[in-house]
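Novice: take a look and give me a structure for this.
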Amino acid sequence: MTVELDTRSVESSVATEIYISATSKDDAPPQGQAQEIFSRILDVLHSKNAYILQERVFATMDVMETILRVRSEVYTDVDDGVAPSLLVGKEGMSGPIAGIQVYAISSDSRPEVVNLQGTPCGRILHVPGGAYLTLSSISAAQSVQATEQAKATLEKAESALKQFDADFLSVPRTWMWLGDILSWYDDFNRVRTKFFADRGLIGEGTRQSMPASTGIGLRCADGSKCAMDLIAVLQPPDSTQYLQAVGKQQCALEYGSAFSRASRAITPAGQTIFVSGTASIDASGATTNIGDGPGQVNATIENVRAVLRDTQTADEDVVQAVAYCKTTEVEKIFNDVKGKLGWPCVTVICDICRPDLLFEMEATAMTPAKSE
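Specialist: Next comes the predicted model:
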């Protein structure tokens, strides 16, 4: 068996949320790896009578076409036309396919496809007392500058939310996929901060309602410099808590990055804690352990764990995680400690948002809904 599959589920009276993380274990040909990954994911979906809400593929560019073809061949009865986010990184120790993550749902109602400008781009789920939206690979025209792409991407996501009388105040979590991140991350931050300020999410007199977020140096396979995924909680209203400063780190907005360290949201099967992309950064916003791979990996993990502790969640509540490593050397360091975490994790090789950062990690944790 060439693939390791980790499935975590949380169940309530109205739905079961299912998180699947698939990684390869050896250097088998990419086609064979993809065949096994998607076949095993399909088995999980069938066994739980579940449907995909959001899906991400982490791989090198040269195998994306093969992955998409195999996915289409395997996903015959679950393919609703919404493409996964195809995220391009460098080859790591597991080969050209770093991993695939799926967020799925089992409930009496099936997710409906959301279209934007005629293209399937996400799904909406209605369950008793709740409505939830996911968007994947929202991006803008590639011919314009990166900052214009970022602005247009945020506006496109906003227009999708408006289809359901919602806005970014309904969004607990975003992922920003930023090609060539080190050349324009400061410019991206200025665009995002202005966008959020113009919409009343941040600024004087607001509740500072910034989504938890990851901004990372992975580009989408379509070549865009900026693309995004998000999760929105449309119903019940005002059900997201934005944790600007939590754990060992202070509010990132203080040094110009408009995201919350974490968010807490009501989701179909319980409560979800979204831990933003987290690195070896201290309370003042400065990088720590510069040039020290083990130091950065350990400090990052402790920073993530501090958020989990402050939100009353534990290691065993983590349902999905991604480790972003700048090099395979950093990946080797992380692999030495990964097994002790027990987190279902995909490890990707890519640039982090600062030249002196070697490692970043995000996590999603879930606790079941409280019984009446």
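Novice: drop to CA atoms for contacts and neighbour counts, all remaining ones
Specialist: OK.
Novice: residue contacts, Arg56?
Specialist: By CA atoms under 8 Å, 6 or more residues apart in numbering, Arg56 lies in contact with Pro84, Ser85, Leu86, Leu87, Ile100, Gln101, Val102.
Novice: go with 6 Å
Specialist: Each residue near Arg56 by CA atoms under 6 Å, 6 or more residues apart in numbering is listed here: Pro84, Ser85, Ile100, Gln101.
Novice: which parts of stretch 283-296 are buried?
Specialist: In terms of neighbour count (16 or more other CA atoms under 10 Å), stretch 283-296 has its buried residues at Thr288, Asn289, Gly293, Pro294, Gly295, Gln296.
Novice: for the first one, give me its contacts.
Specialist: What it means is Thr288. Thr288 sits in contact with Ser280, Ile281, where contact means CA under 6 Å, 6+ apart.
Novice: right, and Arg173 touches Ala212 too?
Specialist: Yes - under the contact definition of CA atoms under 6 Å, Arg173 touches Ala212, with a separation of 4.8 Å.
Novice: before we move on, what SS does the most centrally placed residue in the chain have?
Specialist: The geometric centre of the chain, computed from its C-alpha atoms, lies nearest to Trp175 (CA atoms, centre = their mean), at 5.2 Å. In three-state terms, and counting by DSSP: H, G, I helix; E, B strand; the rest coil, Trp175 is strand.
Novice: can you give me the helices in the protein?
Specialist: Under the criterion DSSP state H, helices of the chain are mapped to 30-47, 64-74, 146-162, 185-198, 293-310, 328-341.
Novice: gap between the third one and the chain center?
Specialist: Same thing as helix 146-162. The offset between the C-alpha centroid of helix 146-162 and the centroid of the whole chain comes to 18 Å, using CA atoms, centre = their mean, to the nearest Å.
Novice: got a list of contacts for that helix?
Specialist: Around helix 146-162, the neighbours that count as contacts under CA under 6 Å, 6+ apart are Ser139, Ala140, Asp167, Lys225, Cys226.
Novice: returning to what we had before: for Leu230, find the nearest of the helices of the chain.
Specialist: With CA to CA as the measure, helix 146-162 is the member of the helices of the chain nearest Leu230 (8.4 Å).
Novice: now the closest one: average pLDDT?
Specialist: Averaging pLDDT along helix 146-162 yields 96.
Novice: so it versus helix 185-198, what angle?
Specialist: Compare the direction of helix 146-162 with that of helix 185-198 by axes from the mean of the first three to the mean of the last three CA atoms, to 10 degrees and you get 40 degrees.
Novice: output helix 146-162 as PDB, nothing but the C-alphas.
Specialist: What follows is helix 146-162, C-alpha atoms only, in PDB (Å, rounded to 0.1, in the frame of the first residue of the first chain):
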ATOM      1  CA  ALA A 146      -0.400  40.800  -8.600                       C
ATOM      2  CA  THR A 147      -1.900  43.500  -6.400                       C
ATOM      3  CA  GLU A 148      -4.800  44.000  -8.900                       C
ATOM      4  CA  GLN A 149      -5.300  40.200  -8.900                       C
ATOM      5  CA  ALA A 150      -5.500  40.200  -5.100                       C
ATOM      6  CA  LYS A 151      -8.100  43.000  -5.100                       C
ATOM      7  CA  ALA A 152     -10.100  41.400  -7.900                       C
ATOM      8  CA  THR A 153      -9.900  38.000  -6.100                       C
ATOM      9  CA  LEU A 154     -11.300  39.400  -2.900                       C
ATOM     10  CA  GLU A 155     -14.100  41.200  -4.900                       C
ATOM     11  CA  LYS A 156     -15.000  37.900  -6.700                       C
ATOM     12  CA  ALA A 157     -15.300  36.100  -3.400                       C
ATOM     13  CA  GLU A 158     -17.400  38.900  -2.100                       C
ATOM     14  CA  SER A 159     -19.700  38.700  -5.100                       C
ATOM     15  CA  ALA A 160     -20.200  35.000  -4.500                       C
ATOM     16  CA  LEU A 161     -21.100  35.700  -0.900                       C
ATOM     17  CA  LYS A 162     -23.600  38.300  -2.000                       C
END
